[in-house]
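K.L.:
just coords:
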């Protein structure tokens, strides 16, 4: 039998890899004329019944009941996830998807900072080093493959996506939602997300319907892998191992997105971009090591004692 910790790391890895498939489905939909609002509306709309059926078959009709307090918390989580998705998908129209998904990976650092500032988790030297390395990696990514400066607005959008996703991860762990069945949490988060996108489409009149069978296939794919599967696994991992380790496992997200961008959409992976990716992944890998990294640094310092 696997321990909860082992299960949590495994499920978290699945969550990260599946979320990294966003560009695989989103970019072809953009090429067919759909906009981020419409893609996300159909993405969530198709994912809700999938999660609802899973919840119904596994736990029964009574499991759909929620208290007023839970409803409010779920509504807030739904808004955070919707904003995170929307800002990320819009950023794809301003920069390469692989670069956007890599910059998104600063959210584990944001989670660590939120937990340190808001919930008194210890902020170590290694965490500070990770932040500096991550920022250095982003600086290297701030030029596209053709040498032009990446859109500042696109970069801001990705940072907004990172922050709202980080707040979602912390929120699930620090509220009563932590003890709620994972399926129920995701069902209502996606349901409220549909409400957000429906309101935005109505107000801005930006609805674009799918025009081909392939569009529906891509919409179904984006509803299953980076939505239902990813959010389900992310929330489950948070409940098993906590917010910071779950966020750190997001290392697979940019790797997946970059591989997809390079192999399927012709995006260029230059040495500078590769170095930026390595710096970001290394930064979060140090966070993953946690106390073990700090212990190794201490051992190294002992090898070079100060002369008195």
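P.N.:
Thanks, I have it. Only a predicted model underlies this, so the values are computations on that prediction, with no experimental measurement involved.
K.L.:
how near is residue 56 to residue 63?
P.N.:
Here the criterion is Cβ to Cβ, to the nearest Å. By it, residue 56 lies 8 Å from residue 63. (C-beta placed from N, C-alpha, C; glycine too.)
K.L.:
actually residue 77, not the one I wrote
P.N.:
Distance from residue 77 to residue 63, by Cβ to Cβ: 18 Å.
K.L.:
these two: which has the busier surroundings?
P.N.:
residue 77 (24 against 15; other Cβ atoms under 10 Å).
K.L.:
count the neighbours of residue 205 for me.
P.N.:
7.
K.L.:
swap in residue 119?
P.N.:
Residue neighbour count, defined by other Cβ under 10 Å, stands at 11 for residue 119.
K.L.:
please apply the same query to residue 43.
P.N.:
By other Cβ under 10 Å, neighbour count at residue 43 equals 31.
K.L.:
my guess is it meets residue 221, correct?
P.N.:
No: Residue 43 is not in contact with residue 221 according to Cβ atoms under 8 Å; the separation is 9.5 Å.
K.L.:
between these two, which contacts overlap?
P.N.:
Counting by Cβ atoms under 8 Å, 6 or more residues apart in numbering, residue 43 and residue 221 have no common neighbour.
K.L.:
now do the buried residues in the stretch of helix or strand residue 137 belongs to.
P.N.:
Assigned by DSSP states H and E, residue 137 belongs to helix 125-141. Applying a neighbour-count criterion of 16 or more other Cβ atoms under 10 Å, one finds 126, 127, 130, 131, 133, 134, 137, 138, 140, 141 buried in helix 125-141.
K.L.:
can you check stretch 217-232 too?
P.N.:
Here stretch 217-232 shows 218-232 as buried, counting by 16+ other Cβ under 10 Å.
K.L.:
out of these, which is nearest to residue 183?
P.N.:
Checking the buried residues of stretch 217-232 against residue 183 with Cβ to Cβ, the nearest one is residue 232 at 7.0 Å.
K.L.:
point out where the chain drops to low pLDDT.
P.N.:
1-2, 59, 123-124, 127, 141-149, 251, 284, 287-308 (pLDDT under 70).
K.L.:
spatially central residue in it, please.
P.N.:
The centre of the chain sits closest to residue 165, judged by Cα atoms, centre = their mean, with a distance of 5.9 Å.
K.L.:
in space, what's closest to that residue - neighbours in sequence excluded?
P.N.:
Residue nearest to residue 165 in three dimensions, not counting chain neighbours: residue 84, with 4.3 Å by Cβ to Cβ, 6 or more residues apart in numbering.
K.L.:
from residue 55, how far off is the one you found?
P.N.:
23 Å.
K.L.:
ditto for residue 98
P.N.:
Counting by Cβ to Cβ - residue 98 and residue 55 are separated by 34 Å.
K.L.:
same thing with residue 111?
P.N.:
With Cβ to Cβ as the criterion, residue 111 and residue 55 are 27 Å apart.
K.L.:
who's more crowded, these two?
P.N.:
Neighbour comparison, residue 111 and residue 55: the larger count goes to residue 111, with 29 against 20 (by other Cβ under 10 Å).
K.L.:
residue contacts, that one?
P.N.:
With Cβ under 8 Å, 6+ apart, residue 111 has these contacts: 166, 169, 170, 243, 244, 247.
K.L.:
ditto for residue 231
P.N.:
Contacts of residue 231 by Cβ under 8 Å, 6+ apart are 15, 81, 186, 189, 190.
K.L.:
make it 10 Å
P.N.:
For residue 231, the contact set (Cβ atoms under 10 Å, 6 or more residues apart in numbering) comprises 15, 18-19, 47, 51, 81, 168, 182, 185-187, 189-190, 193.
K.L.:
try residue 230
P.N.:
Residue 230 neighbours (Cβ under 10 Å, 6+ apart): 14, 15, 16, 17, 18, 19, 20, 21, 22, 186, 224, 253.
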